[in-house]
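Return a 3D structure for these sequence lines:
(chains A and B)
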Amino acid sequence: MHIIGNLSINLALILSTYSFIMFVFGIRKQSQRMINSAKGAALSVFILATISMFLMFYLLATNQFQFQYVYQNTSTDLSMFYKLSAMWAGNEGSLLLWTYILTMYTVMVVFSNKMKNNPMTPYIGAIISTNTIFFYLILAFVTPPFKTLDFVPPEGNGLNPMLQDPSMLWHPVAIYLGYVGLVVPFAFAIAALILKNIDSYWLKITRRWTIIAWLFLTLGNVIGGYWAYTELGWGGYWAWDPVENASFLPWLTVTAYLHSVMIQERKNMLKVWNMSLIILSYILTLFGTFLVRSGVLTSVHSFADGNLGTYFMIFLAFMVIFSMYILMSRYQMLRQDTGQIESVLSKESSFLMNNLILVGATFAVFWGTVFPLISEAIRGETVTVGEPFFNTVMAPIMLALMFLMAVCPLIAWQRASLKNVRDNFLIPAIFSLAVVALLVVYGLHGAYPIISFILIMFMIFTHIAEFIRGTKARRRSTNEPVLKAFWKLFTGNRRRYGGYIVHFGIALIAIGVVGANFDQERVETISPGEAISIDNYTITYEGLEQRSDGVNTVIYADMDIEKDGQELGYLQPERIFYRHFDEPSTEVAVHSNLAEDLYVVLSGWEEDDSATFVVKINPLVQWIWLGSFVTVIGSLFAIWGGRQNKVVPRYQGVQRQVS
Amino acid sequence: MKQNTKVFISGGAIIVAILILMVAATPGSTGSEINLEEAVNQSERYENRYITTEGFLIGDSIDWDANNVELRFDLEDDLDNTLSVYYEGVQPDNFSDDVIVIVHGYLHRDGVFEAERVQTRCPSSYESEDPEDYDTERHSDMLRDSDE
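Okay, the predicted model is just below:
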């Protein structure tokens, strides 16, 4: 078995190297035969990666503990889902998954119908295969997934309890799909530069790739936050940990990119900027992986595995130098016939501002993340910046973005007049002020939250105003019924309205984030029969119980919940004793509605049955999950079906004999 | 003024605003990350400074006062430096002997570390136990358990 495994890795390493060489020589010699051979090799690499994946899944499912990876990450008593999810519980497996996705994307691009007879294909193939080669080098020499032990342990180490959570089945996969997805637009961008194609073809054809990568990054981050919230028991979903920032950074730059490409398509501006953004996004995915795997920063996640980080650093440096060189050598060409901004008060310039803010945010997060490294290098002292730094910097940035999102849809392209701005904004502004005034009456307080809510509401109302105006305009010309006109409006321009739906989702998420200002917490030790009061809630502890869940033992507390004297039922915060781990793990109990979450953690108990509870009121948290859901719908709406998405952009760049 | 210039000026203003924000936010939120050796031997130097340090938890030193929600414990490093920690809060998950504990807080003159946050490093994912430490007895015990 391990022979097949190792063979699939080593053979794939050889073939991906071969594929790269053939792409390069095929381009040099303009030989279609060589290019075809390179494509064939890329397909074979994908097949080999599939074999490796299946084999690993099989080994995990059947408890083949003579394999070190299986031994270290599973045990016989795990459910099948968790056995399989151990695929991404460790370095070896997660890198194999990464490589698999990469080879799959390669095949999807190189053999795509849209790319037939397109001279960019060999270049793209060559660029992506440098990545494939790198990952296979790691798999073959640094973290071999199919390493065997010289004895057969009867039982494995088990999967880390924190990873035994449904969100952990999806979080890593989503992050990888997002991370790896950025390779594709990057490869197209570099290929366009090498070929000296300065039109917008590369960004049009990769639009869906980019949105899908963005969608997966969003999902990955949100699921990660959800996992932290429900599994870790500290009551939050985001802590600005380096590992979290690592996946947030490319999200920010891709968000900027998705907006700035629109200016290039319409106005032929910002070509260098867009190239730089996509290169930066790709580089940040490598940087994130470097941070996560090298252990250079203190994080609650320990990923210490000495060498791996160094290899990523080398590859990262190589890719930075390579893409910078290509970009610089084409710089003058890209600068030619650039459009001009005609008015400060225009959609173009508001997009530009949004981009600057997002890139500024990226820089701020990056700075905060690597600050300990910089200070260590300069002053020999490791100075950390904590959560307050990120919150202080990012809160105004978020508000500025809200404001731009509110204003942007209503500003015309080219040039907007002050009068039409006034016409478009007056009513939404009045509405949002009215809503927030109502909230203040109901107890909203604090300058920051009030300003935030005004801006968020303003954003929501300007979007609604835009929908109403669009529907009205449509009805004037078609006389359709309202709902039909509304639906047609949306489906007629999926990209635009999908984007607006995403804005909506972001607004809902923002509502949840602002809610964190009003968190309340109590930590108390009480005996059975006693109660904890927090806000309007009274939580009575009735006693400890025990039950078994498969091979694990669960201790839980029965908590009777009342709000304003009204009975709401029971919550059962748990601590689970997993079989292979001495210490129990927290399982949070949450009672939620749209207004707030009542979050209860059983933190421990004494011999006399008194127990210590952490009880939190987290207002508006549900809006975050709701908003994320809307965001996903919006992104899917933008890329799914519709006339717009069927249009294949026509290649008008340089022609070559090979494709 | 040319429109592009206006745009550049407002863009520049944004960048400057973000930089100012960052500079303004830095002093209030910085701390030092030091090792246990420094925390024990140079405590005066770091007085009143927000500190992050980490060490191995000494299981026997855990003193938990449930009624007042006060936690006391000692951390040690490979060089036998020991740091006493005081924390008004609950034990995090996985709080057991020899686990790496990260503490954030302030060092007091008497050498006691008053923590504002206590975390255990998740024994995660990308780092597994060394199979060389394989303990036959423990596993045969487990197997026997599962036969029952």
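
So the residue nearest the centre of chain B: helix, strand or coil?
Nearest to the mean C-alpha position of chain B, by Cα atoms, centre = their mean, lies residue B:102 at 2.2 Å. State at residue B:102, reduced to three classes by DSSP: H, G, I helix; E, B strand; the rest coil: strand.

wait, doesn't it sit right on residue B:115?
No. Contact between residue B:102 and residue B:115 fails when scored by Cβ atoms under 8 Å: they sit 9.5 Å apart. All C-beta atoms are positioned from the backbone trio N, CA, C, and that covers glycine.

Against residue B:55, how distant is the residue nearest to the centre of chain B?
9 Å (Cβ to Cβ, to the nearest Å).

again with residue B:66
With Cβ to Cβ as the criterion, residue B:66 and residue B:55 are 24 Å apart.

what residue ranges in the chain score low on pLDDT?
Unless you meant another one, I'm taking chain A. A:298-306, A:337, A:342, A:344, A:412-416 (pLDDT under 70).

Oops, wrong one, chain B.
Short version for chain B, where the test is pLDDT under 70: B:1-3, B:122-148.

Mark out where each domain of it begins and ends.
Domain ranges of chain B: B:1-30, B:32-120, per automatic domain parsing.

Compare these and report which one is nearest to residue A:311.
Nearest to residue A:311 among these is domain B:32-120 (24.9 Å), distances taken as Cβ to Cβ.

right, is that closest one up against chain A?
Yes. On the criterion Cβ under 8 Å from any Cβ of the partner chain, domain B:32-120 is in touch with chain A at B:32-34, B:50, B:52, B:54, B:64, B:66-67, B:69, B:89-96, B:100, B:102, B:104, B:119-120.

Which parts of the stretch 301-450 of chain A are strands?
A:382-385 (DSSP state E, counting those that start in this stretch).

And the residue positioned nearest the centre of chain A, how close does it get to chain B?
The residue lying closest to the centre of chain A (Cα atoms, centre = their mean) is residue A:217, at 1.9 Å. Distance, residue A:217 to chain B, by Cβ to the nearest Cβ, to the nearest Å: 20 Å.

Confirm that that residue sits in a helix.
Yes. Counting by three-state DSSP, residue A:217 is part of a helix.

Roughly how far does it sit from residue A:394?
Applying Cβ to Cβ to residue A:217 and residue A:394 gives a distance of 17 Å.

likewise residue A:607?
46 Å.

higher neighbour count, the two?
residue A:394 (20 against 5; other Cβ atoms under 10 Å in any protein chain shown).

need the contact list for that one.
Neighbour list for residue A:394: A:361, A:364-365 [criterion: Cβ atoms under 8 Å, 6 or more residues apart in numbering or on different chains].

Residue A:641 now?
Contacts of residue A:641 by Cβ under 8 Å, 6+ apart are residue A:494.

So what does it look like in phi/psi?
Dihedral pair for residue A:641: phi 60, psi -170, per degrees, to the nearest 10.

before we move on, what about residue A:29?
Dihedral angles for residue A:29 - degrees, to the nearest 10 - are phi -90, psi 0.

One more: residue A:111?
phi -100, psi 10.

so residue A:556 sits in a strand?
Yes. Under three-state DSSP, residue A:556 sits within a strand.

Distance check, it against chain B.
Note on residue A:556: its distance to chain B, by Cβ to the nearest Cβ, is 16 Å.

and what of residue A:1?
Taken as Cβ to the nearest Cβ, the span from residue A:1 to chain B is 18 Å.

what do you get for residue A:493?
27 Å.

Please name the residues that touch that residue.
Residues near residue A:493 by Cβ under 8 Å, 6+ apart: residue A:644.

Just want the phi and psi numbers for it.
phi -140, psi 70.

What of residue A:656?
Backbone geometry at residue A:656, expressed as degrees, to the nearest 10, gives phi -130, psi 170.

Helix, strand, or coil at the residue lying closest to it once chain neighbours are set aside?
Using Cβ to Cβ, 6 or more residues apart in numbering or on different chains and skipping the chain neighbours, the partner closest in space to residue A:656 is residue A:119 (3.7 Å). At residue A:119, secondary structure determined by three-state DSSP is coil.

Hmm, residue B:112 is touching residue B:86, no?
Yes. Residue B:112 lies in contact with residue B:86 (Cβ under 8 Å); the separation is 5.5 Å.

What segments of the chain are strands?
Because you didn't say which chain, this covers chain A. Taking DSSP state E to define them, one finds strands in chain A at A:382-385, A:520-526, A:531-534, A:537-549, A:552-563, A:566-571, A:574-577, A:585-587, A:589-592, A:596-605, A:611-619.

My question was about chain B, not that one.
B:30-33, B:51-57, B:63-65, B:70-76, B:82-87, B:100-107, B:112-120.

Can you give the distance of the third one from its chain's centre?
Here strand B:63-65 is found 20 Å from its chain centre; the criterion is Cα atoms, centre = their mean, to the nearest Å.

Burial check on the residue nearest to residue A:397 when sequence neighbours are not counted, number of neighbours?
Distances taken as Cβ to Cβ, 6+ apart put residue A:361 closest to residue A:397, at 4.9 Å, once the chain neighbours are dropped. Using other Cβ under 10 Å, residue A:361 is surrounded by 23 other residues.

for residue A:361, what are its contacts?
Counted by Cβ under 8 Å, 6+ apart, residue A:361 has contacts A:252, A:393-394, A:397, B:18.

Residues of the stretch 401-550 of chain A that sit close to chain B?
A:523-525.

Can you tell me which of those residues has the most neighbours?
Neighbour max across these (other Cβ under 10 Å) = residue A:525, 22 neighbours.

I'd say that residue and residue B:71 touch.
No. Between residue A:525 and residue B:71 there is no contact under Cβ under 8 Å: 11.9 Å.

before we move on, back to that, among residue B:66 and residue B:55, which residue is more densely surrounded?
residue B:55 (24 against 19).

And the lengthiest helix in chain B, what's buried?
Secondary structure of chain B read by DSSP state H shows that its longest helix is helix B:3-29. By neighbour count with 16 or more other Cβ atoms under 10 Å in any protein chain shown, helix B:3-29 contains the buried residues B:3, B:7, B:11, B:14, B:17-18, B:21-22, B:25-26, B:29.

ok, back up a step: and of the contacts of residue A:394, the nearest to residue A:39?
For the contacts of residue A:394, the nearest to residue A:39 is residue A:365 (39.1 Å; Cβ to Cβ).

and the closest one, how many neighbours?
22.

Could you pull up the residues touching it?
Shown in contact with residue A:365 (Cβ under 8 Å, 6+ apart): A:240, A:245, A:248-249, A:252, A:390, A:394.

Just the ones in helices from those residues, please.
Those of those lying in helices (DSSP H): A:245, A:248-249, A:252, A:390, A:394.

Tell me who's in contact with the residue lying closest to residue A:5 once chain neighbours are set aside.
Once flanking residues are discounted, residue A:5 sits nearest to residue A:146: 3.2 Å by Cβ to Cβ, 6+ apart. Applying Cβ under 8 Å, 6+ apart, we find residue A:146 in contact with A:1-2, A:5-6, A:9, A:52, A:55-56, A:67, A:69.

at 6 Å instead, please
By Cβ atoms under 6 Å, 6 or more residues apart in numbering or on different chains, the contact set of residue A:146 is A:2, A:5-6.

Same check on residue A:278?
Contacts of residue A:278 (Cβ under 6 Å, 6+ apart): A:185-186, A:189, A:257.

8 Å instead, please
Residue A:278 neighbours (Cβ under 8 Å, 6+ apart): A:182, A:185-186, A:189, A:203, A:210, A:257.

go on, residue A:477?
Going by Cβ under 8 Å, 6+ apart, the list of residues near residue A:477 is empty.

now it: how far from chain B?
33 Å.
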